[in-house]
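J.: what shape does this take:
(chains A and B)
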Amino acid sequence: MPYTAEISRANPTCFVFVVDQSGSMQDQIGGGEVVQRKAQVVSDAINRLLYELTLKCAKEEGVRDYFHVACLGYGASVGSAFAGALREREMVPLSEIATNPARLEERTKKTPDGAGGLVEQTVKFPVWLDPVADGGTPMTQALAQARRLVSDWVDAHPSCFPPVVLHLTDGESTDGDPSTATQGIMSLLSTDGNALLFNLHVSSAGGTPATFPDNDAALPDQFAKLLFSISSYLPEHMKVYAKQQGLATSDGTRGFVYNADVTSIVQFLDIGTRASDLR
Amino acid sequence: MKYPSGADYAEALQNTAACFRDPELAGGTVQSTPLGMPRAISGNFASVFCIVSPRGKRYAIKCFTRHIVDQQDRYVAVSTALADLDRPWQVAFDYQQYGIFVQGRWYPLLKMEWIEAQGLLPWLEEHLHDSEAIADVTAEFGAAVSDLQSAGLAHGDLQHGNLLVDRAGRLRVIDYDGMFVQSLANRGAAEMGHLNYQSPLRTMDDFDQTLDRFAAWLIYVSLLLLVDDPGLWIQFHDEGEEKLLFGRDDFVDQEVLEALSGPPEFDPALQSLRSCWDADDLAQVPPFDPAALPTPSEMLSGDFVVSTAPAAASRARRTRSAEPLPPVEDLEFCGGLLLSRTSLALAVVGLLGLPLAVFLPVAGAAVAVAGLLTAVLIAVPAYRSQPENDARQSAAAELAARRHDREVAEDRLAEVQQGERGGGARGPGRTVVPSQRAASPSQHDAQRLRELEAERARAHDALQELQSTEAVRLRDALSRRQETHVQALLKANEIDRAILLGVNRSLARQLASRGVFTAADLTSVEVIDGGGRSGRGQTMVVLRSGRRVKIDGFTAANGKSLRSWYLGEVAKAQASAPIALSASETAKIRQGIEIERRQLKSAQARLMKRISQENRMAKHRAQNGQVRERQNDSRNAAAAARRLVLGAQDDLEEAQWAEQVAARRAESYARLNVWRFLLR
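T.: The predicted structure is shown next:
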């Protein structure tokens, strides 16, 4: 059965985040009280996820390299999106990520005090990725680069749990049709199955949000439909996990989220990086 | 309910005054990473943090990231059961249903005493050369499992991560989340345990007091083997592997047992593993009972290796000291009574002559002299001729001889004892240094390595070949696709519909009787001009099966029109056949090849790993062989020296006894003197 390979230090796997950093990521997301820039929301979500991963893999002797992680950004240029000590690094073992955030930010958070009120709390927040919004949308180039990273990875780890590429974008490619590159990613495989490509689309076209849908009927434009069609089906264990999160799933459920709110972006990353048990 | 994530907890823990209600935890300090973030140790459904209470006491706080059914009931049951048990390997804990406040809600936590300890894997790596420490931990592990077993409990997830060794070198067993307690029997298992320690047969439905058997055997035997030969760690444990010596792969394909079989002292241990691994049913896994195996301390001393046969034999011999010595006998002379009495009478007569000499000096003196003289003259030869005298002499000679023997035996013992001490200085111990000369692998190992190498070469060739297969497969697929297309069209062309081409209905029936209904049923038409009964020629048809049949009633002309119809149809079909594969077909073929390539690569990688492992093992075995040989040599020499000493001791004991017996006999005869001869 595919997607059941053990993830261990001896048999690690990788995640590749591909992040849209084009000028339009400057736009705002959400309504009501909390209005944030898309770029900020996306980078926060990925930073949070990276911290989550380092905790998940923390053992008594330190963080274990169950995963290696790459973050590619595309906008004014295409390349590693890590800031600080990891700048320009592509595939980075998780233990190095754990010890090398660009900085710790002090953030104030309003949290419920348990008595119906809210209290302000200052918490430290590790940051690896800065919010960037600048330039065009060279999506095809970025995905081709992701393909190369995944291809190198599966060559070096032929029996790994298949790599997962998580692509977060807000718009249409400005350097041609990305489907060749995405097909290229999904056709790469390890003995445990094909590499997975999940897409998150924060469109300005409006329309009903969709989280892990199994058809494209409700999607408003061609580009959303294209992204849906180039998203991998969710493997079984991720579907089980999505179901536990209260999401409806079916055989056709794909790793695709349209016009998500902040929570859904976090959920997208959470489900998409859900590994079977770590050993 | 969705539980907080590790990061949620880590965030809440940045303010311990707000997140705890337990007075020992509230306001405590969280142990941090060098970056200043809370330091976590995570498992699959919880993260553990270390909190130092305001009064300086350390606690481990387990925060759950997944919901566990009946969690509170489970912990209460486990807590009660363990409180009754009260063994040194236990770690105290306190389950708090409303323990930690995260994002506006209370969540449960588990508060445990913090123990300064190392996980079993890093501890083993540091203590590989301290076989005594490993032996102690092994024994403690066996005892802990026995404690659980006899209380009707099962831990549920015995594995290296849940076995700690504290600073005092004592084993501590942690993580009681999956424990079986009788009162939880109908709740079912909460988890499946570590893959590398559980039988592949275990399911979530398996939840009873036998749950630990498989893991307990696996761990105990692994540790026991390591006590004997720490080199096994280097052989069988690759860096980063989540196992001791054996993992899931080994349970399924038991090659590892083959690699280990050889040293005879391993046999009982390997036998235990085999009986666990071979079980077709969890119920067949034998109860954990290490009594059949050498104990860790026996493994340590290696006593069971050296045959104790000579020592045993000597102990089996009769111990002389236990046997009573013969008593000193009160012997009497048997013969010569008449002579002795006569001489005694004469002596009495002679003595009577003495008072007579007062009155009749000459006569008295004569009587006395004659009487005594004759008494002596009779008595002395008579005494001398008694056989008892010979016996006494021989007893004395015997005693002298035995005394000499004993002295010789004493010298001999001193000599062999000296020899043994001398040999002992060379040391028959376990610390034999392998020779610097590289040990060459045994013939068997070399053969196996050659086979593996050949296998790897085949995989390599197959991989090379695969690269050129893509074009071939694409071409074959296209030609199959075209063929299918043509056949499909031909099949659609029933001969009936071809009547207009000069083949009338009855002829069509003739064709049908030969199994030819459509153009797809034949592969060629042969026409023979001027043959047949009518002289108008004949027609043969080659069927798809390759069979050549004559069609009755077909003239050459009929045949020709059939042929031209057939060829026309084929040409038409071919013209409309696809000239390229569809993108999806091509992709599918490429993907198929890719899968094969991956499989081959992974097989190749596995082989490479296997080869390097085998190489290491062969080297280790060869070196081990040398060491063992030398160990055996010196052990044999020591055993031989020991045997000599034991033999000499026995000989001495024997000689001493013989001497004592001889002495008793000699003493008995020594009483048989001349007076005893006369005065009886």
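
J.: could you use CA atoms for every contact and neighbour count after this?
T.: OK.

J.: count of residues packed around the closest residue to chain A within the stretch 351-500 of chain B?
T.: Closest contact between the stretch 351-500 of chain B and chain A, by CA to the nearest CA, is at B:L463 (13.4 Å). For B:L463, the count of nearby residues is 19 (other CA atoms under 10 Å in any protein chain shown).

J.: shaky segments in the chain?
T.: All of this refers to chain A. For chain A, the stretches with pLDDT under 70 are A:1, A:30-34, A:262, A:275-279.

J.: that's the other chain; I wanted chain B
T.: Where chain B drops into low confidence, which here means pLDDT under 70, it does so at B:262, B:302-323, B:423-440, B:495-504, B:531-534, B:620-621, B:623-636, B:638-639.

J.: mind redoing it with 50?
T.: B:304-319, B:424-437, B:500 (pLDDT under 50).

J.: list the residues that contact residue 77.
T.: All of this refers to chain A. A:G135, A:P138 (CA atoms under 8 Å, 6 or more residues apart in numbering or on different chains).

J.: not quite, go with chain B.
T.: By CA under 8 Å, 6+ apart, the contact set of B:A77 is B:V181, B:S183, B:L184.

J.: pretty sure it sits in a strand.
T.: No: using DSSP: H, G, I helix; E, B strand; the rest coil, the assignment for B:A77 is helix, not a strand.

J.: measure it to chain A for me?
T.: 27 Å (CA to the nearest CA, to the nearest Å).

J.: what distance do you get for that residue to B:M179?
T.: 9 Å (CA to CA, to the nearest Å).

J.: care to break chain B down by domain?
T.: Chain B resolves into domains spanning B:6-113, B:117-301, B:337-425+B:669-678, B:493-575 when parsed by automatic domain parsing.

J.: export those to CSV and append columns for distance to B:E451.
T.: Below are the domains of chain B laid out as CSV (distance: least, CA to CA, whole Å):
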stretch, distance to B:E451
domain B:6-113, 41
domain B:117-301, 15
domain B:337-425+B:669-678, 44
domain B:493-575, 44
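
J.: any quick ChimeraX command for the buried ones out of the contacts of B:A77?
T.: Restricted to buried positions by 16 or more other CA atoms under 10 Å in any protein chain shown, the ChimeraX selection for these reads:
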select /B:181,184
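
J.: what residues sit buried inside the host helix or strand of B:A365?
T.: Using DSSP states H and E, B:A365 maps to helix B:361-384. For helix B:361-384, the neighbour count (16+ other CA under 10 Å) marks B:364-376, B:378-380, B:382-383 as buried.

J.: now stretch B:261-279
T.: In terms of neighbour count (16+ other CA under 10 Å), stretch B:261-279 has its buried residues at B:E265, B:F266, B:A269, B:L270, B:S272, B:L273, B:C276, B:W277.

J.: need these in JSON lines (columns: secondary structure and distance to chain A).
T.: Below are the buried residues of stretch B:261-279 laid out as JSON lines (DSSP: H, G, I helix; E, B strand; the rest coil; distance: CA to the nearest CA, whole Å):
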{"residue": "B:E265", "secondary structure": "helix", "distance to chain A": "32"}
{"residue": "B:F266", "secondary structure": "helix", "distance to chain A": "28"}
{"residue": "B:A269", "secondary structure": "helix", "distance to chain A": "27"}
{"residue": "B:L270", "secondary structure": "helix", "distance to chain A": "26"}
{"residue": "B:S272", "secondary structure": "helix", "distance to chain A": "26"}
{"residue": "B:L273", "secondary structure": "helix", "distance to chain A": "23"}
{"residue": "B:C276", "secondary structure": "helix", "distance to chain A": "22"}
{"residue": "B:W277", "secondary structure": "helix", "distance to chain A": "21"}
